[in-house]
Structures are given as C-alpha cells and as structure tokens.
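>>> Predicted structure and sequence below. I'll ask about it afterward.
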Amino acid sequence: MSFLKLRGVTRCFGTAAALDGVDLDAKSGSRTAIVGPSGCGKTTLLRLIAGFDQPDAGTISLNGKRLATAQHSVPAHRRGIGLVMQDGALFPHLSVAENIGFGLARRADDRNARIVELTRLVGLDDALLTRRPHQLSGGQQQRVALARALAMKPRIMLLDEPFSALDTGLRAETRKAVAALLGDAGITAILVTHDQEEALSFADQVAVMRDGRFLQVGPPREIYARPASAMVATFLGDALIVPARIEAGLARTPLGPIAIDDASPRADASVVLRPEQIVVEPVSGAPKSGDGPDALVREAEFAGAKTTMVLEIAGQEPSLAAAAPFAVTVTCFGGHRPMPGDRVRLRFTSAAYVLPSMQ
Ligand SMILES: Nc1ncnc2c1ncn2[C@@H]1O[C@H](COP(=O)(O)OP(=O)(O)OP(=O)(O)O)[C@@H](O)[C@H]1O
C-alpha cells in the first residue's frame, strides 16, 4: 500500500502552474528520486509535502491520513517529516552536539546518549561534537544535518539536493551512506536532484519532472532502458536517438538497419541507443555481418572513461527525413579513443529501444 500518496497536486504562482496535477505513490521504506531541469517544480513539491506551503488543488496523504488539500493543511511540525537541504542549513552559532540535539527535549536524561548515538549512526566521530559547523567539511556538515533530522524520528525524510555541494568522491560516498542508513531505519525518502546518476543509483523509484508534471515514474532500470520519450531518455543519461522506420522487426535508420526490441511496424519512429550499447572501433577491412556504419570523426571530447564524438555518417536511408551526411553525437566507453579526422566503424552490441512517443 502506498504510504505517501499525492493526487492531482497543483500549485500556481500568479497564472503559472509550478505543479500541475502531480500524482505520486511512495511505499513505506522506499526511496523516490525526483529529477528534472531547473525550475520544473521539484522544490515546490517538497515544500508542499513538508507543509511549508499548501496546494491550490489535489490531496497529499500519509499513511491513509490527509495532510493537505486546498482547504486544510496539517502544520509542518505535526507531520513527522524530516528535511535536509542543499547546504545543510546548520545553525552556525551552535556546536555540532547542539545542532544534532536541537529538537530533543532539553531535560531528557538520555539526551547526550542520543546525540552520541545519532553522531555514530551517520558515521561521524564523537570528537567533532564540540566543533562549530564552519570547522567541518561539507560532507561532515551534511551528515550533521541528517543526524539532526533523524533525531526527530521522522516517518519520511525529504532530501533537497543534499549532496550537490560535495565533490565527486565524497558525494558518492555520502549518498551511499545516507541510502544505507535510511534503508536500515525503514524511513521513506524523497530525494530531489539535478543529477541523473544520483537519482538512478539512490532510488528504487525515479520520477522525471518537467514543467510541473511527471513525464514518467518507474524503477530506475526500467525508466533508463524504456524511456517514455526522447526527453526522458536524454534526461537520464547520454542517448543516441535516431529517426527510424520500423519494418520486418528491424529499424531502418540513417545509420543502416538496427536490431530492435519487439515493436510493431511504424513509418515514423525514433530508436534509442545508450553509450554502453555502442562500440566505436578503428576501420579495418570490409564490414562484418552485424557491423554498423563507418563514420568520420568531426569532433572528439575526451573525458577519461568516456569520449564524446560528433560523427559524420553517409546517410543510409534516403527515405528518412535526415540530412545526408548524417551527423550524430555518440558517447562511448572503452580503449579506442578516436581523434578528429579518424575514420571509425560503429557496432551496436544489443537491440535499440523504440520510443513509444515522438516527443
Ligand atoms: N514563491 C514563489 N513565487 C513565485 N514563483 C515561484 C515561487 N516558488 C517557485 N516559483 C516558480 O515555480 C517554478 C518551480 O520552482 P521550483 O523552485 O519548485 O523549481 P525547481 O525544480 O526546484 O528548480 P531548481 O532545480 O532550480 O531548484 C519556477 O518557475 C519558479 O520560478
């Protein structure tokens, strides 16, 4: 059963709808990531769930009880919802211990023991308890913010880009630690992020948002492999999207015929290939069966494990409305690191996915 349930949640500022009829179901103990471009409504949604703002229409329910409608709103402090923000929002004049214990009863006998317990729970050393927030690293500050939120024993933890100020290594490490901790405590988490990798690795449910609506909601593997539209495909990672005519179980494309997932014949379609399905090799000898087209490397941006290239390919399917020569941007991983001017051959290692929608 759904623990957190949103139905038709709408919030307008002036005439513009920041949220436009959002539905969401999150099971108890699950982790949902909301991902989308800047200004699409992610923070507005978290603020409504937290109780800092009220919907103009729709309902927000938690465990079968209504938290908010346009007419009624349970105050934020009665919702049992924790919130961790991008910058941690720690109180700068308080020590780490005072920050963590902020919401705990001052006179409680076990206050200090609970602060130490929470400190250890988030992987911090007790020695940091006397420090002020500015004497901590960004990652340590985020863990203190998390401990402070956990102290209130929330039923739901809302995380608004909590890792974005951290550098890459620390970010991945903190994210993993937080996911494990929330999982162990059985706390339902809603994470807002710009970062698709973060969304896919953190969550068991990803919601892709645009212009105040969810374009697609689903498990990370499903939504990555079977995006509902080109926008979802490109938002969740690098994608090569090519126009296609689907016939006889194959996609006829400007890159030549490409094997596809099962799909019915269609004159006007698009297929998606992810970088891990594309091998870029030096041209050697005649093409073998199953090889893709040869191409000229126009641009190549080397970024360590991956190289992103603009390739020029002699259009192979003149009936498709794609300019010949056809230019594609391809990201590939692997040992071959082509340079501009090189000739390369493409090979697709698994079937492409036919997008259900042309948008
Ligand atoms: N208090 C407000 N008054 C007027 N407009 C607002 C208000 N809060 C948000 N908006 C508008 O609502 C839309 C959604 O904003 P929101 O902050 O939810 O987006 P976001 O997806 O969190 O963006 P970002 O990723 O940049 O933080 C934006 O167009 C924003 O300008």
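Nice, I can see it.
>>> Residue 61 contacts residue 3, doesn't it?
No - at 9.2 Å, residue 61 does not count as touching residue 3 under the criterion of C-beta atoms under 8 Å. In short, each C-beta sits where N, CA and C put it, glycine included.
>>> so where's the stretch 201-350 of the chain uncertain?
For the stretch 201-350 of the chain, the stretches with pLDDT under 70 are 315-325.
>>> Tell me who's in contact with residue 28.
Going by C-beta atoms under 8 Å, 6 or more residues apart in numbering, residue 28 touches 1, 3, 63, 186, 188.
>>> now, the most widely separated pair of these?
Using C-beta to C-beta, the contacts of residue 28 reach their maximum pairwise distance at 1 and 186, which is 14.9 Å.
>>> count of residues packed around residue 170?
Using other C-beta atoms under 10 Å, residue 170 is surrounded by 16 other residues.
>>> Out of the contacts of residue 28, which sit inside strands?
Mapping those onto strands (DSSP state E) picks out 3, 188.
>>> Please check the contacts of residue 28 and keep the buried ones.
Among the contacts of residue 28, those scoring as buried are 3, 188 (criterion: 16 or more other C-beta atoms under 10 Å).
>>> Which single residue of the stretch 101-250 of the chain ends up nearest the ligand?
Closest to the ligand within the stretch 101-250 of the chain is residue 194: 5.9 Å, counting by C-beta to the nearest ligand atom.
>>> How many neighbouring residues does that residue have?
With other C-beta under 10 Å as criterion, residue 194 counts 15.
>>> pLDDT below threshold where in the stretch 51-200 of the chain?
Using pLDDT under 70, the stretch 51-200 of the chain drops low at 87-88.
>>> List, one by one, the residues from it near the ligand.
residue 194 (C-beta under 6 Å from any ligand atom).
>>> can you pull out the helices in the stretch 51-200 of the chain?
Under the criterion DSSP state H, counting those that start in this stretch, the stretch 51-200 of the chain contains helices at 96-100, 111-121, 138-150, 168-185, 196-202.
>>> Not counting sequence-adjacent ones, nearest residue to residue 128?
residue 96 (5.3 Å; C-beta to C-beta, 6 or more residues apart in numbering).
>>> Skipping its backbone neighbours, what lies nearest the most centrally placed residue in the chain in space?
Closest residue to the average C-alpha location of the chain: residue 199 at 2.8 Å, with C-alpha atoms, centre = their mean. Nearest non-adjacent residue to residue 199, counting by C-beta to C-beta, 6+ apart: residue 33, 3.6 Å away.
>>> Residue 356 now?
Distance criterion C-beta to C-beta, 6+ apart; nearest residue to residue 356, sequence neighbours excluded, is residue 228 at 6.2 Å.
>>> The one you found sits in which helix or strand?
Assessed by DSSP states H and E, residue 228 sits outside every helix and strand.
>>> surely it meets residue 215?
Yes - at 6.3 Å, residue 228 counts as touching residue 215 under the criterion of C-beta under 8 Å.
>>> Pick out whichever of the two has more residues nearby.
Using other C-beta under 10 Å, the more surrounded residue of residue 228 and residue 215 is residue 215, with 20 against 17.
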